[in-house]
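**Q** One predicted model, sequence on top.
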Amino acid sequence: MAILVTGGAGFIGSHVVDRLVDMGEDVVVIDNLSSGRKEYLNENAVFYELDLSKDDLSEVFKRHDVEEVWHIAANPDVRVGSENPDEIYRNNVLATYRLLEAMRRFGVKRIVFTSTSTVYGEAKIIPTPEDHPTIPISIYGASKVACEAMIASYCHTFDMRAWIYRFANVIGKRSNHGVIYDFIMKLRRNPNELVILGDGEQNKSYIYITDCVDAMFYGLKAKGDVNIFNIGSEDQIKVRRIAEIVCEEMGLNPVFKFTGGRRGWKGDVPVMLLSIERLKSMGWRPKYNSESAVRMAVRDLLEEL
């Protein structure tokens, strides 16, 4: 019996695969390598370069007797939705539907799904609990709401079980998008100036990758049919402070220039902090706060890039 990880060559997916392999599981990875990289693949996992939105998945399920799916594959860039909604639909919504159909056909009953804080949109309650209404303001957030709804409906219709994790900003080794990555790349191109999207006052929660993966495995203790958990740190950090930390670690003192406005882009949520009381009540807590996570992630990326 095997565990299938979609997006297992990507940032979060590759860390999950490493953990599963360390636990002695037989792991199969599906990734189209649109944002994943072959060098992130665990050598003890079986790899298929497939596109969930269009390729036939039957052979993978047949050959490996899949018993559980960790569905991590998605287009991870929130900003893409305002430029190319079709890409978000295909890689997130259509891909999830086709994966669920393969699970139904082959009798796979367990799915772990990585969702996002953006499903809440501009939340009325901060920290935001899991039972807060989901009214997204980004195409990306909307696609994840659609995926969550499909997963819940398949669980109730076809007797499956699901663990749905709504992430704050996850950062650390192997990350190849997001504000830290963007700042490092900008400063390498021009160390004298850093353009910051918005006003720099965007205030959000960041969680280090090892804390995130620990939380995902901890949540598997939940016994419900559809188990939904927020995963994040318990504090926030502003974009301006992230820029300062990146500059400190790079030994630079550039001029900051802001594009202005509360949002960095269409669909950006300026303030985000998730309530993690549900997971904490089960005994899990993050080891790192947002600032520590950011500094560690900056050092990780400076070593990798």
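**A** Sure, I can see it.

**Q** I'd guessed Gly10 sits against Gly36; true?
**A** Yes: applying Cβ atoms under 8 Å, one finds Gly10 in contact with Gly36, separated by 3.9 Å. Every C-beta, even on glycine, is put in place using the N, C-alpha and C of the backbone.

**Q** Comparing these two, which residue is more hemmed in?
**A** Neighbours per residue, other Cβ atoms under 10 Å: of Gly10 and Gly36, the larger number sits with Gly10, 29 against 23.

**Q** What does that one show for phi and psi?
**A** phi -90, psi -170 (degrees, to the nearest 10).

**Q** give me every residue that touches it.
**A** Asp31, Ser35, Gly36, Arg37, Tyr40, Ile72, Ala73, Pro76, Arg174 (Cβ atoms under 8 Å, 6 or more residues apart in numbering).

**Q** Next, count neighbours for the first one.
**A** So the one you mean is Asp31. Asp31: 28 surrounding residues under other Cβ under 10 Å.

**Q** contacts for stretch 78-91?
**A** Residues from elsewhere that reach stretch 78-91 (Cβ under 8 Å, 6+ apart): 34, 52-53, 73-75, 118, 138-143, 265-268.

**Q** I'd like to know which of the residues you listed are buried.
**A** Buried members of the contacts of stretch 78-91, counted by 16 or more other Cβ atoms under 10 Å: 52-53, 73-75, 118, 138-143, 265, 267-268.

**Q** before we move on, the earlier item: any chance of the contacts of Gly10 in JSON lines, plus distance to Phe256 and pLDDT?
**A** Shown next, in JSON lines, are the contacts of Gly10 (distance: Cβ to Cβ, whole Å; pLDDT from 0 to 100):
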{"residue": "Asp31", "distance to Phe256": "36", "pLDDT": "97"}
{"residue": "Ser35", "distance to Phe256": "28", "pLDDT": "90"}
{"residue": "Gly36", "distance to Phe256": "32", "pLDDT": "93"}
{"residue": "Arg37", "distance to Phe256": "31", "pLDDT": "95"}
{"residue": "Tyr40", "distance to Phe256": "32", "pLDDT": "97"}
{"residue": "Ile72", "distance to Phe256": "34", "pLDDT": "98"}
{"residue": "Ala73", "distance to Phe256": "35", "pLDDT": "97"}
{"residue": "Pro76", "distance to Phe256": "26", "pLDDT": "72"}
{"residue": "Arg174", "distance to Phe256": "27", "pLDDT": "96"}
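
**Q** Show me where this structure has its helices.
**A** Here the chain has its helices, by DSSP state H, at 11-22, 58-64, 80-83, 85-88, 95-106, 139-158, 179-189, 209-219, 239-250, 277-280, 290-304.

**Q** thinking again about what came up before, now the contacts of Gly10 as CSV including distance to Ile242?
**A** Shown next, in CSV, are those (distance: Cβ to Cβ, whole Å):
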residue, distance to Ile242
Asp31, 28
Ser35, 21
Gly36, 25
Arg37, 24
Tyr40, 24
Ile72, 24
Ala73, 27
Pro76, 18
Arg174, 19
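
**Q** Tell me the one of those residues nearest Met150?
**A** Taking Cβ to Cβ as the measure, Ala73 is the one of the contacts of Gly10 closest to Met150, at 14.7 Å.

**Q** Need the nearest residue in space to that closest one, chain neighbours excluded.
**A** Closest residue to Ala73 apart from its sequence neighbours, by Cβ to Cβ, 6 or more residues apart in numbering: Gly7 at 3.3 Å.

**Q** Next one: that neighbour from Arg37, what distance?
**A** 12 Å (Cβ to Cβ, to the nearest Å).

**Q** Of those two, give the one with the bigger neighbour count.
**A** Just comparing Gly7 and Arg37: by other Cβ under 10 Å the higher neighbour count belongs to Gly7, 28 against 14.

**Q** Extract the C-alpha set from the lowest-mean-pLDDT helix or strand in the chain and format it as CSV.
**A** Sorting the helices and strands of the chain by mean pLDDT, DSSP states H and E puts helix 80-83 at the bottom, at a mean of 70. C-alpha atoms of helix 80-83 as CSV (Å, rounded to 0.1, in the frame of the first residue of the first chain):
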residue,chain,number,x,y,z
VAL,A,80,-1.5,34.9,-10.9
GLY,A,81,-5.3,34.8,-10.4
SER,A,82,-5.7,38.5,-11.4
GLU,A,83,-3.7,37.9,-14.6
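
**Q** For the residue nearest to Ser275 when sequence neighbours are not counted, the count of nearby residues, please.
**A** Leaving aside its sequence neighbours, Ser275 sits nearest to Pro127 (Cβ to Cβ, 6+ apart; 3.9 Å). Per other Cβ under 10 Å, the neighbour tally for Pro127 reads 18.
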